[in-house]
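Visitor: Let me see the structure of the following:
(one chain, ligands or ions: 3)
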Amino acid sequence: MTEITEDLLKKVIVKRKSDSYKGKYGRILLIGGSENYGGAIIMSTEGAVNAGAGLVATATHPMNLTALHARLPEAMFLDWHDAQLADLIKKMDVIVCGPGLGMSDLAKQIMVILRRCCSEKQTVVLDASALDLISEDKTLLPANAGHLVLTPHQMEWQRLSQIRIPFQTDSANIAALNQLIPDSNAMLVLKSNHTHVYDGTGQIFVNPIGNPGMATGGMGDTLAGIIGGFVAQFGPSTETVLAAVYMHSLAGDLLYQDHYVVRPTEIAKVLPKLMKKYSELS
Ligand SMILES: NC(=O)C1=CN([C@@H]2O[C@H](COP(=O)(O)OP(=O)(O)OC[C@H]3O[C@@H](n4cnc5c(N)ncnc54)[C@H](O)[C@@H]3O)[C@@H](O)[C@H]2O)[C@@H](O)CC1
Ligand SMILES: Nc1ncnc2c1ncn2[C@@H]1O[C@H](COP(=O)(O)OP(=O)(O)O)[C@@H](O)[C@H]1O
Ligand SMILES: [Mg+2]
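Guide: Ligands and ions are numbered 1, 2, ... in the order given. From the prediction side, this is the model:
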């Protein structure tokens, strides 16, 4: 097992070239946010925008439009009932699906569209409700994606893998991941107070940082957006995903020094400054 270290941030977060433009930093679509969980997809979107994705679009329930744009005018919006969803998915480098998606029939239909429209050039990050929907129906897994990143917390992983939380050992988790997704193109980010990451080839990484101030609703939604934003601009490698996991907790630790509770939106807020620091050390 390998501990993720700060050095990875220096390696992954590179200085931006002067002759670059938004198209160089990746297009990302985030799908989620039902009537009751609009905040989840807004926090994810904020993670992706502040992590530096070049172009960000959010497909969500239309009731979230005003809130989304009040907070993030940078994000494009699509009503998730719109037939254009399929075409938009095809144009993206990264799709994050699941935060606040819910378990409705429409949510299932969206998963079917995602599975049909994603391709080997893309990375799909699956979180929250998307994982719960796949637990109920494994055919919803978007297996055609070039890279899959699954980000369950322990209960979501229990539902998906059928491994009860006390028995989620590294060897059991690797076996379950390989059974669920036999190709080695999938990563499992199994979130807990010390998140373990499995890269699909048997390698195991552990995140040594983070804190209990981060035990706040929306923290995982934010992480999914940060992972998506990192992959969009730094490419779909294991190191990119590990750097995103570490950066999320590093931001959390910075805030926890003088805050009892760490708000997910505050994590997103400090990202650009932290990323600047590590890009100068690269
Ligand atoms: N502001 C919002 O709109 C929010 C919406 N959310 C959305 O709500 C939906 C349901 O997700 P939830 O995660 O709340 O519900 P879940 O039912 O999936 O998970 C919560 C349950 O898992 C248990 N659990 C065990 N180990 C855990 C661990 N390590 N981490 C977290 N929970 C653990 C908890 O005790 C609890 O019973 C998702 O779509 C999610 O994206 C949440 O992310 C919270 C914030
Ligand atoms: N005690 C803790 N120590 C370190 N990190 C934590 C702790 N509690 C939660 N986290 C982190 O917060 C995030 C919670 O994710 P998740 O449960 O999916 O949140 P939500 O669905 O509410 O957005 C994970 O990244 C997890 O590692
Ligand atoms: Mg979650």
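Visitor: can you list the residues of the stretch 1-150 of the chain near ligand 3?
Guide: For the stretch 1-150 of the chain, the residues in contact with ligand 3 (Cβ under 5 Å from the ion) are residue 128. No exception for glycine: its C-beta is placed from N, CA and C like everyone else's.
Visitor: ok, now with 8 Å
Guide: 40, 99, 127-128 (Cβ under 8 Å from the ion).
Visitor: Check the nearest residue in space to residue 33 that is not next to it in sequence and give its pLDDT.
Guide: Counting by Cβ to Cβ, 6 or more residues apart in numbering, residue 33 lies nearest to residue 41, which is 3.1 Å off, once chain neighbours are set aside. pLDDT for residue 41: 98.
Visitor: what does the helix or strand harbouring residue 41 contact?
Guide: Counting by DSSP states H and E, the element that carries residue 41 is helix 38-50. Here helix 38-50 makes contact (Cβ atoms under 8 Å, 6 or more residues apart in numbering) with 28, 30-33, 56, 58, 60-61, 63-64, 67-68, 71-72, 74-75, 96, 99-100, 127-128, 218, 221-226, 228-229, 232, 264-265, 267-269, 271-272.
Visitor: is it possible to export the residues of the stretch 1-150 of the chain next to ligand 3 to TSV including neighbour count?
Guide: Output for those, formatted as TSV (neighbours: other Cβ atoms under 10 Å):
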residue	neighbour count
40	31
99	32
127	32
128	25
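Visitor: So which of these reach ligand 2?
Guide: residue 128 (Cβ under 6 Å from any ligand atom).
Visitor: Quick check: helices, which of the residues of the stretch 1-150 of the chain next to ligand 3 are part of them?
Guide: 40, 128 (DSSP state H).
Visitor: Just put the residues of the stretch 1-150 of the chain next to ligand 3 in a markdown table and tack on distance to residue 152.
Guide: Formatted as a markdown table, those follow (distance: Cβ to Cβ, whole Å):
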| residue | distance to residue 152 |
| --- | --- |
| 40 | 15 |
| 99 | 12 |
| 127 | 8 |
| 128 | 8 |
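Visitor: hmm, which two among the residues of the stretch 1-150 of the chain next to ligand 3 are most spread apart?
Guide: 40 and 127 (8.9 Å; Cβ to Cβ).
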